[in-house]
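S.K.: What follows is a protein structure lacking sequence information:
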């Protein structure tokens, strides 16, 4: 096939493959649809989707609207641990680029502000009024250019600060700081468990559709509405769900291991009592335990201003994994 799309299992992204002449022959609307959902990969020589599995439906619709053939998938899916390792390596490279941009912007800012900085102490330079003579107008224009350069220098320093903030965020990602936060990890675990339940419930439903089609019957959903899908489409969805289930179980195992490595969840409703003061990761001040459920608990704020009009303390909810210590 010369013009096709394929899912790269290693990156989890959808790729469009066609030659330059095919792209030139597309109309403006088709080109715009590609650019909205894909980025050009210089190294791979193809268009790569912005989204990744399991959010490729929009990218696939674009590919199908272009008349490209579906070439299935290629490569092997990386384990979630390998994906995270690659993510951290990319973050480290990004941090280096951002820091280089910050340094360059800072140097430009310093250069632009040299003329004004060199005049510090020369009160006459800053206070001399505009004089309507040839020399006076030349002096005014020169001073205005120096002030304009100084203002551009300020903008460059602002850019430098922006890139340093981006670099710091990338460094944090590269260091895997999120993986050291029990609350963050617990939320990722809860998300995966929820997604697994949804996918697991959907697979038998689609298997029922497939059985109905094989028996020559029209497949119907739980509400009795007819489902207009072919056997190939149903099987494709089942295969995608099984693949998604495998990926989710891999991710769940990764986060469960990460939580275990941090000592697991130390607290629960079994070792907490109403009124206990707790330090939790998201707040600097302690909170007071009110009641607990299987995974989350209700707490009261202890700060005087965190109260309702009648004086009752405001309440919130958090996961047991967010508890740093009991005071």
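M.R.: Received, thanks. Here the structure is a predicted model, which is why all the values come from computation and not from measurement. Numbering: from 1, shown residues only.
S.K.: next one: stretch 22-31 to chain centre, how far?
M.R.: 30 Å (CA atoms, centre = their mean, to the nearest Å).
S.K.: swap in stretch 253-272?
M.R.: The answer for stretch 253-272 is 25 Å, by CA atoms, centre = their mean.
S.K.: ditto for stretch 129-148
M.R.: 51 Å.
S.K.: likewise stretch 24-33?
M.R.: On CA atoms, centre = their mean, the centre of stretch 24-33 falls 28 Å from that of its chain.
S.K.: ok, now stretch 238-247?
M.R.: 22 Å.
S.K.: now do stretch 66-77
M.R.: 25 Å.
S.K.: For that stretch, which outside residues touch it?
M.R.: Stretch 66-77 is contacted by residues 1, 3-12, 16-18, 26, 30, 33-34, 63-64, 243, 246-247 when judged by CB atoms under 8 Å, 6 or more residues apart in numbering. The C-beta positions use only the backbone N, C-alpha and C, and glycine is treated the same way.
S.K.: One more pass at 7 Å, please.
M.R.: 1, 3-10, 16, 18, 30, 247 (CB atoms under 7 Å, 6 or more residues apart in numbering).
S.K.: do stretch 260-279 as well
M.R.: For stretch 260-279, using CB under 7 Å, 6+ apart, the contacting residues are 180, 182, 286-292, 297, 299, 320-321, 323-327.
S.K.: Keep only those of those that are in helices.
M.R.: residue 182 (DSSP state H).
S.K.: Narrow the contacts of stretch 260-279 to those in strands?
M.R.: Residues of these located in strands (DSSP state E): 287-292, 297, 299, 323-326.
S.K.: And the residues you listed, which of them are buried?
M.R.: 287-290, 292, 297, 299, 323-324 (16 or more other CB atoms under 10 Å).
S.K.: Out of the residues you listed, which two sit at the greatest distance?
M.R.: 290 and 324 (18.0 Å; CB to CB).
S.K.: Which parts of the stretch 201-327 of the chain are helices?
M.R.: Along the stretch 201-327 of the chain, the stretches classed as helices by DSSP state H, counting those that start in this stretch are 231-261.
S.K.: Give the phi and psi angles for residue 306, as a check.
M.R.: phi -90, psi 60 (degrees, to the nearest 10).
S.K.: Quick one: low-confidence residue ranges for this protein.
M.R.: 1, 177 (pLDDT under 70).
S.K.: hmm, 80 instead?
M.R.: 1, 175-180 (pLDDT under 80).
S.K.: Tell me how it divides into domains.
M.R.: 4-77, 82-174, 180-261, 277-326 (automatic domain parsing).
S.K.: Make JSON lines out of those and add distance to residue 268.
M.R.: Converted to JSON lines, the domains of the chain look like this (distance: least, CB to CB, whole Å):
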{"stretch": "domain 4-77", "distance to residue 268": "32"}
{"stretch": "domain 82-174", "distance to residue 268": "28"}
{"stretch": "domain 180-261", "distance to residue 268": "12"}
{"stretch": "domain 277-326", "distance to residue 268": "6"}
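S.K.: What's the separation between the closest residue to residue 86 other than its chain neighbours and residue 250?
M.R.: Excluding its sequence neighbours, the residue lying closest to residue 86 (CB to CB, 6 or more residues apart in numbering) is residue 78, at 7.3 Å. Counting by CB to CB, to the nearest Å, the gap from residue 78 to residue 250 is 9 Å.
S.K.: go on, residue 99?
M.R.: In terms of CB to CB, residue 99 sits 33 Å off from residue 250.
S.K.: go on, residue 139?
M.R.: 71 Å.
S.K.: repeat for residue 63
M.R.: 26 Å.
S.K.: Please list all residues in contact with residue 157.
M.R.: Neighbours of residue 157 in contact, by CB under 7 Å, 6+ apart: 106, 109.
S.K.: Could you check how many residues crowd around residue 109?
M.R.: Residue 109 is flanked by 19 other residues according to other CB atoms under 10 Å.
S.K.: Next, give phi and psi for the residue nearest to it when sequence neighbours are not counted.
M.R.: Among residues not flanking residue 109 along the chain, residue 156 sits closest, at 3.5 Å (CB to CB, 6+ apart). For residue 156, the backbone dihedrals (degrees, to the nearest 10) come out as phi -70, psi -40.
S.K.: these two touch, right, residue 156 and residue 103?
M.R.: No - the criterion here is CB atoms under 7 Å, and residue 156 misses it with residue 103 at 11.2 Å.
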